[in-house]
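# Model the following, please.
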Amino acid sequence: MALHNVRLEVMQLLEKKIDMFVDRFLVPVEKTWQPTDLLPNSQDENFFEEVKELRELAKELPYDFWVVLVGDTITEEALPTYESWLMEVEGISQHEGNGWSKWIRHWTGEENRHGDTLSKYLYLSGRVDMKEVERTTQHLLNDGIDIGTQQDPYKNFVYTSFQELATNISHNRVSILAKDYSNKGLAKMCKMIAGDEMRHFTAYSEFVKEIFVLDPSEMMIAFRDMMKHKILMPAHYLRESGNKIGTAFEEFSNTAQRLGVYTAQDYVDILQRLLKRWDIPNVSGLNDDGERARDFVMNLPARLERIGKRMVLPEESYKFKWVNPALVKG
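Have a look, this model is predicted:
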């Protein structure tokens, strides 16, 4: 059977469980949190007092923190690009009756709250240049993404598993930093977002786990191929107004590493967690290509750790248009 047909058959088998996946890994609209639960409510009589308190607490947050928070927000706000990409994956379509499109729409509904929440916080804080933030967001949507997965569902589920865990780590670390600066409201906000990302990681990694049972060799090869070419961050085309595609992403990544929000070691740790989650050493039924792919991913963490130890980060912060240094701490 052709490779294309096998993947489609696997997707159709998993599609029969879509309702179970939605019920297990996503939260009904009426029961989940909304941005208004975490931000000053404009209908409340104490709205202006709450905004004033939010702005006072925001003054204590340093420059690098704001860069990371803005970068995380823009990444979340580029959600339409991620949804449209996933809708093109083999086995997923918007035709009536396709269960996978139900999953993508419901997942998108949960993810949409993240950018909405963070963007409103940035606006109310008064610490960042919102017009520049909005321009960068629009550029990122205009420029799109190319994460190297094509329409292959196996590769896309490896990617989403990795990325959901990466965003969980990033938002969790920002939450901890905010708490260290006594900003309990922002800390709670980022913690709630991180919780969503963990549920989504569990879901996408479960899809991969099930595929390993149904089509182990091709799933292993897809895992190898994604790790061989490196997992690109969804905002790797990040740029500020007037600059070329991708020019801001490296500096944003440097800032996140300096702050300890997301580091090269985290990349290795995520890979190791996926190896354990999918029980890679004990996957059975592999052909020769699958066995070689397993050897590659099993040996990769040690190799990446050696590379990471040689990395040297710039000591000085890049001056982004997003954040006015005069309005934040050094």
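# Just name the shakiest helix or strand of the chain by mean pLDDT.
helix 3-15 (a mean of 90; mean pLDDT, DSSP states H and E).
# in that helix, what counts as buried?
7, 10-11, 14-15 (16 or more other C-beta atoms under 10 Å). C-beta: built from backbone N, CA, C; applies to glycine.
# Give me the contacts around the helix or strand following that helix.
For helix 3-15, the following helix or strand on the C-terminal side (DSSP states H and E) is helix 18-25. For helix 18-25, the external contacting residues (C-beta atoms under 8 Å, 6 or more residues apart in numbering) are 99-100, 102-103, 106, 199-200, 202-203, 206-207.
# Out of those residues, which comes closest to residue 62?
residue 200 (29.6 Å; C-beta to C-beta).
# so what pLDDT did the residue lying closest to residue 101 once chain neighbours are set aside get?
Distances taken as C-beta to C-beta, 6 or more residues apart in numbering put residue 94 closest to residue 101, at 5.1 Å, once the chain neighbours are dropped. With respect to pLDDT, residue 94 has a value of 85.
# if I look at residue 94, how far off is residue 15?
Taking C-beta to C-beta, to the nearest Å as the measure, residue 94 falls 14 Å from residue 15.
# try residue 258
The value you get for residue 258 to residue 15, if C-beta to C-beta is used, is 44 Å.
# Residue 313 too?
44 Å.
# Tell me where the model's unsure across the chain.
1-3, 330 (pLDDT under 70).
# Buried residues, the top helix by length along it. List them.
Ranked by residue count under DSSP state H, the longest helix found in the chain is helix 184-214. Within helix 184-214, the residues scored as buried using 16+ other C-beta under 10 Å are 185-212.
# same question, stretch 27-44
27, 33, 35, 38-40.
# Residue 82 contacts residue 147, correct?
No: at 9.2 Å, residue 82 does not count as touching residue 147 under the criterion of C-beta atoms under 8 Å.
# what do the two both touch?
Common neighbours of residue 82 and residue 147 (C-beta under 8 Å, 6+ apart) are residue 234.
# Tell me the residue in the protein that is farthest from the middle.
residue 45 (35.8 Å; C-alpha atoms, centre = their mean).
# Okay, and it sits in which element?
Short version: residue 45 belongs to no helix or strand, going by DSSP H and E.
# returning to that earlier point: so which of the contacts of helix 18-25 comes closest to residue 72?
Ranked by distance to residue 72 (C-beta to C-beta), these are led by residue 200 at 15.4 Å.
# The spatially closest residue to the closest one that is not a sequence neighbour and residue 25, how far apart?
Leaving aside its sequence neighbours, residue 200 sits nearest to residue 164 (C-beta to C-beta, 6+ apart; 4.4 Å). According to C-beta to C-beta, residue 164 stands 11 Å off from residue 25.
# Equivalent analysis for residue 314, please.
39 Å.
# between those two, which one's more packed in?
Neighbours per residue, other C-beta atoms under 10 Å: of residue 314 and residue 25, the larger number sits with residue 25, 19 against 12.
# Please tell me how far the more buried one sits from residue 107.
When residue 25 is compared with residue 107 (using C-beta to C-beta), they lie 9 Å apart.
# overlap in contacts of these two?
Common contacts of residue 25 and residue 107, defined by C-beta under 8 Å, 6+ apart, comprise 200, 203.
# could you say what helices and strands the helix or strand where residue 132 lies packs with?
Residue 132 is part of helix 130-143, with elements assigned from DSSP H and E. Applying 3 or more C-beta pairs under 8 Å, 6 or more residues apart in numbering; DSSP states H and E, we find helix 130-143 packed against helix 63-77, helix 79-86, helix 99-125.
# what's the following helix or strand after it?
helix 153-180.
# Please name every helix or strand in contact with that next one.
Helix 153-180 is packed against helix 3-15, helix 63-77, helix 184-214, helix 216-228, helix 249-259, helix 264-277, with contacts defined by 3+ C-beta pairs under 8 Å, 6+ apart.
# again, only this time at 6 Å
In terms of contacts (3 or more C-beta pairs under 6 Å, 6 or more residues apart in numbering; DSSP states H and E), helix 153-180 is packed against helix 184-214, helix 216-228, helix 264-277.
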